[in-house]
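Q: Everything below, folded, please.
(one chain, ligands or ions: 1)
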Amino acid sequence: MQARLAQAPELALNLFGDESLRDPYGDYKAIRDAGPVVHLRHPDVFAIGRFADVQAALRAPEKLISGKGVGFNDIWNSGGGSNVLQMDGQPHARLRATIMRPLAPAKLREVRLDLKQLIARRIDALIRCNWFNAMTELASFLPVQAVSHLVGLPEAGRERMLTWAATTFNQIGPDVDLDEFGVLAEARSFMSSLSPATVRSGSWTGDLFKAVDSGRLSLAEAMAAISAYVIPSLDTTILSKGHLLYDLAQNPDQWTKLRENPEKIPFAVLEGVRRNAVVRWFSRFAVEDYEVDGALVPKDSRVMLLYGSANRDERRYANPDSFDVDRDARDQLCWGTGTHMCAGMHLARLEMEVMLEALVEADVEVTAGPPTVSLNRGLYGYSELPFRIERRDSVSRARTQDDDKRQSTKMPPVHRADSL
Ligand code: HEM
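A: Numbering: from 1, shown residues only. This is a model prediction of the structure:
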């Protein structure tokens, strides 16, 4: 096989540098244009950026395995045995089935109305708030208030969950930040302090402990499932909502279309996660020579899969940089595909859909200021997004009275909505 396959070109890009983390799309295009697979030096990986090739790689779990880690440094990658992301074969399938139980669409339908009412009340309060940071005040609301309740963790740990999740994803890169180890140790000690007495009975973690009691699950499996609920479930959905809100505010024609055609909401959600994939990348380890569209990834190499690049591949999507709620983006790869496809994607979709439904029903206009991109090495999203929600009737009144003045007004400082 090796003799017939092309060698991957080498590119001198640093995807983990601040500039690229802030705006990765130029580098992604350079990778796609250079070939189906390129070799990068730091980290020493073969990077795949085109849609069809990322999709195929994710669907080749026997050749490109996860069990040797999906990150870019030895410490991350040695987390193997207890992390569903970094397992293969039967043990992976068994743990995944356990994790998926409360995350199945039928189970989630039971909580849909509650989540919708919660976010609708929050939006109603934010309308009176003028400018606010949409990341902390709106996008985080359901994960922090409701999802952590469903998971069932004690109040004491909840406020730290966002920090633990962000730090874990930040540690995925090639250069480990030793200062952050204290935070990870804190997360580990919190997890190991959990017991049937400290978690909410009837919650996802409560049910896991029940399964341990009845011998259906080992304690190690239960603890692995609990961290699968805590670490990947928060920042991912928060950051995705940030992108969606920004894209809608930046594209008033698309927002109008959505208001007038709420049945397009599920498509808008998929288009949002297509346009900006929050998980930047995971990796795989090639246990045999692997062919990518006529080019070679040699056995024993690490392979970087660029979800965000695949989702902007012009070979797959026309005008991939634009935000278009009429696009059919059902095959987009922000959640991956294949055996490791995101276990929480139905929850993520639900959270985003109820947020958009509540906004549409509130009959509002949305405006955004310039966002600040967080330099997290695993996740692509905003740390701050100035945002404003105004009732449409008050916008049109104000516009007719004082339109020019409004357009030239500088954005006032962002408010916290603690008192709402
Ligand atoms: C928009 C939000 C989300 C995004 C973009 C996202 C992204 C991803 C991606 C790309 C993977 C695939 C990993 C791979 O290919 O190796 C994944 C796996 C996973 N996600 Fe998500 N995720 C999101 C929300 C959630 C939520 C809400 C939960 C939990 C409640 C969750 C739990 C998991 C778990 C447990 C896995 C591992 C599945 C496995 O290895 O079999 N995710 N996610």
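Q: From here on, just use CA atoms for contacts and neighbour counts.
A: OK.
Q: And for the one residue in the stretch 101-250 of the chain that gets nearest to the ligand, the neighbour number?
A: Residue nearest to the ligand within the stretch 101-250 of the chain (C-alpha to the nearest ligand atom): Ser233, separated by 3.6 Å. Neighbour count for Ser233, taken as other C-alpha atoms under 10 Å: 23.
Q: for it, what are its contacts?
A: Neighbour list for Ser233: 143, 344 [criterion: C-alpha atoms under 8 Å, 6 or more residues apart in numbering].
Q: Doesn't it lie inside a helix?
A: No - secondary structure of Ser233 (DSSP: H, G, I helix; E, B strand; the rest coil): coil, not part of a helix.
Q: how much space between it and Ala146?
A: As for Ser233, its distance to Ala146 is 12 Å (criterion: C-alpha to C-alpha, to the nearest Å).
Q: residue ranges of the helices in the stretch 251-400 of the chain, please?
A: Taking DSSP state H, counting those that start in this stretch, the helices of the stretch 251-400 of the chain run over residues 252-260, 265-275, 307-310, 345-361, 392-408.
Q: Show me what the fourth one packs onto, helices and strands only.
A: To tie it back to what came earlier, the one meant is helix 345-361. The helices and strands touching helix 345-361, judged by 3 or more C-alpha pairs under 8 Å, 6 or more residues apart in numbering; DSSP states H and E, are helix 105-127, helix 235-250, helix 265-275.
Q: again, only this time at 10 Å
A: Applying 3 or more C-alpha pairs under 10 Å, 6 or more residues apart in numbering; DSSP states H and E, one finds that helix 345-361 makes contact with helix 105-127, helix 141-142, helix 235-250, helix 252-260, helix 265-275, strand 364-368.
Q: mind checking how far it is from the chain centre?
A: The chain centroid and the centroid of helix 345-361 are separated by 15 Å under C-alpha atoms, centre = their mean, to the nearest Å.
Q: do the same with stretch 16-25
A: Relative to its chain's centre, stretch 16-25 lies at 17 Å (C-alpha atoms, centre = their mean).
Q: what about it, how long is it end to end?
A: By C-alpha to C-alpha, the extent of stretch 16-25 from end to end equals 13 Å.
Q: ok, and what's touching that stretch?
A: Identification of contacts with stretch 16-25 by C-alpha atoms under 10 Å, 6 or more residues apart in numbering yields 13-15, 26-28, 31, 42-43, 173-175, 276, 280, 308-309, 312, 321, 372-382.
Q: Strands - which of those residues land there?
A: 372-373, 382 (DSSP state E).
Q: where are the low-confidence patches of the chain?
A: Residue ranges of the chain with pLDDT under 70: 1-3, 80-81, 396-420.
Q: Quick check: chain neighbours aside, which residue is closest to the residue positioned nearest the centre of it?
A: What sits nearest the mean C-alpha location of the chain, by C-alpha atoms, centre = their mean, is Thr236, with 2.9 Å. Leaving out its chain neighbours, the residue that sits closest to Thr236 by C-alpha to C-alpha, 6 or more residues apart in numbering is Val278, at 6.2 Å.
Q: wait, isn't that neighbour in contact with Leu239?
A: Yes - counting by C-alpha atoms under 10 Å, Leu239 is a contact partner of Val278 at 6.6 Å.
Q: between the two, what contacts are shared?
A: Shared contacts of Val278 and Leu239, counting by C-alpha under 10 Å, 6+ apart, come down to 379-382.
Q: Counting neighbours, which of those residues comes out on top?
A: Going by other C-alpha under 10 Å, Gly381 tops the shared contacts of Val278 and Leu239 with 29 neighbours.
Q: Let me know the distance separating that residue from the ligand.
A: From Gly381 across to the ligand, the span is 10 Å (C-alpha to the nearest ligand atom, to the nearest Å).
Q: Let me see the contact set for that residue.
A: Contacts for Gly381 (C-alpha under 10 Å, 6+ apart) come out as 21-22, 135, 235-236, 238-243, 276-280, 371-375.
Q: Contact partners for Ala52?
A: Contacts for Ala52 (C-alpha under 10 Å, 6+ apart) come out as 36, 292-293, 310-311, 313, 315-316.
Q: List only buried entries from those.
A: Buried subset of the contacts of Ala52 (neighbour count, 16 or more other C-alpha atoms under 10 Å): 36, 292, 310-311, 313.
Q: Those: which two are farthest apart?
A: For the buried ones among the contacts of Ala52, the maximum inter-member distance is 17.5 Å, found between Val292 and Asn311 (C-alpha to C-alpha).
Q: before we move on, back to that, can you give me phi and psi for the residue of the stretch 101-250 of the chain closest to the ligand?
A: Backbone torsions of Ser233, given as degrees, to the nearest 10, read phi -100, psi -10.
Q: Next one: it from Pro266, what distance?
A: Distance check for Ser233 against Pro266: by C-alpha to C-alpha, it reads 19 Å.
Q: Against the ligand, how distant is Val297?
A: For Val297, the distance to the ligand - C-alpha to the nearest ligand atom - is 18 Å.
Q: what's the closest non-adjacent residue to that residue?
A: Leaving aside its sequence neighbours, Val297 sits nearest to Tyr290 (C-alpha to C-alpha, 6+ apart; 5.0 Å).
Q: do the same with Leu208
A: Spatial nearest neighbour of Leu208, excluding adjacent residues (C-alpha to C-alpha, 6+ apart): Ala222 at 5.6 Å.
Q: How about the helix or strand hosting the one you found and the ligand, touching?
A: Per DSSP states H and E: Ala222 is located in helix 219-230. Yes - Helix 219-230 reaches the ligand (C-alpha under 6 Å from any ligand atom) through 228-229.
Q: Which positions within that helix qualify as buried?
A: Within helix 219-230, the residues scored as buried using 16+ other C-alpha under 10 Å are 221-230.
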